[in-house]
Every structure is written in structure tokens, then in C-alpha cells.
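1. dropping a prediction and its sequence here:
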Amino acid sequence: MIRIGSIVIHCYEFERMVAFWQEALHYVPRAPASGGWIVLCDPEGRGPNISFQARDRRDWRRSWLHLDLYTDRQREEVRRLLTIGAKQYPWRYPQHADYVVLQDPDSNLFCVVQKPHAKGEEEKG
């Protein structure tokens with residue numbers, strides 16, 4: 001099983017973006033912001049997470065949005081997605097990364113994140 005776990009928004013006005021969307025959606029932080037990263041969660045658990053990642057420049061070259069897909073069977077899902085048209089993306093992974101970066105057929109990036117309990121756990125890798 002694979003599902004949208006988080007919609008990730010890259011932003012250059014990090015604090016303002018987080019405050020705006022937190023107020024607009026009445027979402028709550030999963031944990032305090034750290035290193036230019038925060039995940040906002042639907043307090044009722046109905047909607048996907050919305051994550052914000054700080055960027056230094058407005059002209060950042062990649063997409064400003066991407067999906068994080070959560071699964072408890074990452075290897076199998078990555079293989080399946082590659083079979084149906086995704087491509088590996090040459091990402092520089094940090095040690096112990098729990099995600100794999102792929103490209104869809106139109107070269108949009110997305111992450112497949114390993115989650116032990118993909119149905120209920122709401123975390124970003």
C-alpha cells in the first residue's frame with residue numbers, strides 16, 4: 001500500500017508561509033521547526049501532511065512542490081514505480097535516509113518514504 005503522506009512546499013519566506021498555512025488550514029506542527037523544515041498535520045487526521053522546506057533563493061531550479069509517498073514496503077513500491085515509468089533521480093542522500101527520490105514521466109520529483117505503519121504514522125523522511 002502506498003499513499004500521499006505529505007505535500008512538500010519549498011519556500012523562501014519560511015516563517016510567513018508556515019504561519020499562513022497553519023492559520024488557513026488549522027493544522028498543527030508535528031514537532032517544532034528544525035533546520036528549515038517543519039511538518040504541519042491535520043489535527044483530525046483526515047488530510048495529508050503539509051511540509052515546508054526553507055530555500056535561500058526564489059529562483060531555485062527544481063519544482064516548488066513535490067509529493068512524499070508513504071509506504072511500509074519501500075523497496076517493492078520503488079521497483080513497481082520504476083516498472084510503470086518512474087526513473088531514479090541522482091540524489092545525494094544523507095546517512096540513514098528513509099526516502100528514495102524518483103522522477104515521474106514528466107521529470108517531476110517525488111519521494112517514496114519508508115514508514116513502518118504507513119496507514120497511521122505521519123512523518124517525513
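-> That came through, no problem.

2. neighbours around Y70, how many?
-> 30 (other CB atoms under 10 Å). Where you see a C-beta, it was placed from the backbone N, CA and C, and this is true even at glycine.

3. you'd agree it is up against N49?
-> No: with contacts counted by CB atoms under 8 Å, Y70 stays clear of N49, the gap being 9.2 Å.

4. flag every buried residue along the longest helix seen in the chain.
-> Identified as the longest helix of the chain according to DSSP state H is helix 14-25. For helix 14-25, burial by neighbour count (16 or more other CB atoms under 10 Å) applies to F14, M17, V18, W21, Q22.

5. how about a markdown table for these, with distance to A97 and pLDDT added?
-> Listed next are those as a markdown table, based on distance: CB to CB, whole Å; pLDDT from 0 to 100:
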| residue | distance to A97 | pLDDT |
| --- | --- | --- |
| F14 | 22 | 90 |
| M17 | 24 | 90 |
| V18 | 23 | 93 |
| W21 | 26 | 90 |
| Q22 | 27 | 94 |
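
6. so where's this structure uncertain?
-> Flagging of the chain using pLDDT under 70 yields the residue ranges 58-63, 117-125.
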